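Participant: pasting the sequence and the predicted model now:
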Amino acid sequence: MPRSSSLLGAALLLCLALSTSATRLLQQNNEVDVAEAPSGLVVLYKENANPDAKANDFTKKNKDVGKKAVWGSMKGAHLSLPPGLAKKNKDDLIKKLKADPDVVAVAEDAPAKIYQEAVPTGVTEMYSVMTSSGTSLTSALAASAAVASKVRIAVIDTGVAAHTDLSVHTEGFSVFKKGKRMDWTDRNGHGTHCAGTAAARYSNGVGVAGVSPGTTIVPVKVLGDNGSGSMSGIIAGLDWVRSNAARLNIKVASMSLGGGKYDPLNTAVARLYASGIAVAVAAGNENQDLMNVSPASADGVIRVTAIDPTTRRAASFSNYMGGSGPETNVVAAPGTSIKSTYIGNSYATLSGTSMATPHVAGLMAQLFARGDCTTAACVYARLASCTKVDVSGSAGSRYGYEAFMGAVC
């Protein structure tokens, strides 16, 4: 998620900042995607339930409720409520939904955001185990590039912009539309930056190289051009990924976003992993227990904290695994001063757990592409063997162990 640099301007939400150049681009563009304020109820049903039928039945019995969207793959629904509905009435509706044995999770829709703090040492650090044992960085990256096309990574973010240094799939998803057409173009920069860290091309004579250089990125735009969105929008994106993963050969999902702890989103992310997709999520930038935020607190994810790649110490802003949860599936990766691709076919240097997460997503893609793993469970197990350096920060704070590319993984 990035820390302010010379490119970054006014703070947006908690740890969010937009670069001044990006702000100018937004002002000049008449087709800016800005998420609607979150509203309504988000419901996840049991996997064997019919979400459309369940939603229809509930709306018929409760006149204040409408059906805004149904997520067939995630077995969920977004139910609309009339503006100004009293809190007591909302609570009563949630109570009724919770009384349904087919309901797994329900909550009022809530805001979500990119994890951006605010440059290119990250990929070099990821390959340092290999280079310290005698393999040149050039040959290590070339070997990764040779197999990178065997898998695809879904970047669930602000979209992905066209870029000389990226292979972006022609098919994607967006919760935003231009007329009748979905538009997953990134006009914020965050999603494009994450895409480059995971998979920027190598040996093309320009820019930077990603951890899995040349892997095709499938853009999934769930946050608007101002970096904000809703939990319902993220779940809609996850539903699309789950429905299309087999057809599009998506093996990895990278999620550098989040918000407060939110059970429906955690349930949806866990279902994405259960369907065979390895999921890397940002731990967050509030210097707090990551179990307080979603999707980092979900089961079935690799939670990525941020370190300074020059010191191998935890970044001051990074969330960590505190006393409320087990130190499981917590991995650290470079997250300060990371240079990567950016909107306008340019490059930018940013910091945050958002920047750390796609390093791990690229590593996951390589484990699939090299044939080391055929399942997400295998990827998670292998990551445990990749993590070599303890990067614990302050007393009682746990940041996991640093992930590396290397012969052992």
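Facilitator: Done, it's in. Just so you know, these numbers come straight off a predicted model, no measurement behind them. Numbering: from 1, shown residues only.
Participant: following the chain onward from the worst-scoring helix or strand of the chain on mean pLDDT, which element is next?
Facilitator: For the chain, the helix or strand with the lowest mean confidence is helix 20-28, at a mean of 27 (criterion: mean pLDDT, DSSP states H and E). Once helix 20-28 ends, the next helix or strand along the chain (criterion: DSSP states H and E) is strand 41-45.
Participant: which intervals of the chain have sub-threshold pLDDT?
Facilitator: Counting by pLDDT under 70, the chain has low-confidence residues at 1-36, 116-122, 129, 324-327, 386-390, 392-397, 405-409.
Participant: list the contacts of the spatially most central residue of it.
Facilitator: Closest to where the C-alpha atoms of the chain average out (Cα atoms, centre = their mean) is Met255, at 0.5 Å. Counting by Cβ atoms under 8 Å, 6 or more residues apart in numbering, Met255 touches 156-157, 269, 279-282, 295, 357. In this view, the C-beta of every residue, glycine as well, is placed from N, C-alpha and C.
Participant: closest to Ala209 among those?
Facilitator: Thr357 (17.5 Å; Cβ to Cβ).
Participant: and that closest one, that's in a strand?
Facilitator: No: applying DSSP: H, G, I helix; E, B strand; the rest coil, one finds Thr357 to be helix, outside a strand.
Participant: how near is it to Arg303?
Facilitator: 9 Å (Cβ to Cβ, to the nearest Å).
Participant: and for these two, which residues touch both?
Facilitator: In contact with both Thr357 and Arg303: Val281, using Cβ under 8 Å, 6+ apart.
Participant: for Val241, grab phi and psi.
Facilitator: phi -60, psi -50 (degrees, to the nearest 10).
Participant: mind listing the residues bridging to the residue nearest to the centre of the chain?
Facilitator: Ile156, Val281 (DSSP bridges).
Participant: now the helices for the stretch 301-409 of the chain?
Facilitator: 353-369, 376-386 (DSSP state H, counting those that start in this stretch).
Participant: next, the angle helix 376-386 makes with the first one.
Facilitator: Right, helix 353-369. 110 degrees (axes from the mean of the first three to the mean of the last three Cα atoms, to 10 degrees).
Participant: follow-up on the earlier one: any chance of the contacts of Met255 in CSV, with neighbour count and distance to Asp186 too?
Facilitator: Output for the contacts of Met255, formatted as CSV (neighbours: other Cβ atoms under 10 Å; distance: Cβ to Cβ, whole Å):
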residue, neighbour count, distance to Asp186
Ile156, 30, 12
Asp157, 32, 8
Val269, 28, 22
Val279, 28, 20
Ala280, 31, 19
Val281, 31, 19
Ala282, 34, 17
Pro295, 31, 20
Thr357, 34, 16
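Participant: can you name the two of the residues you listed that are farthest apart?
Facilitator: Asp157 and Val269 (14.5 Å).
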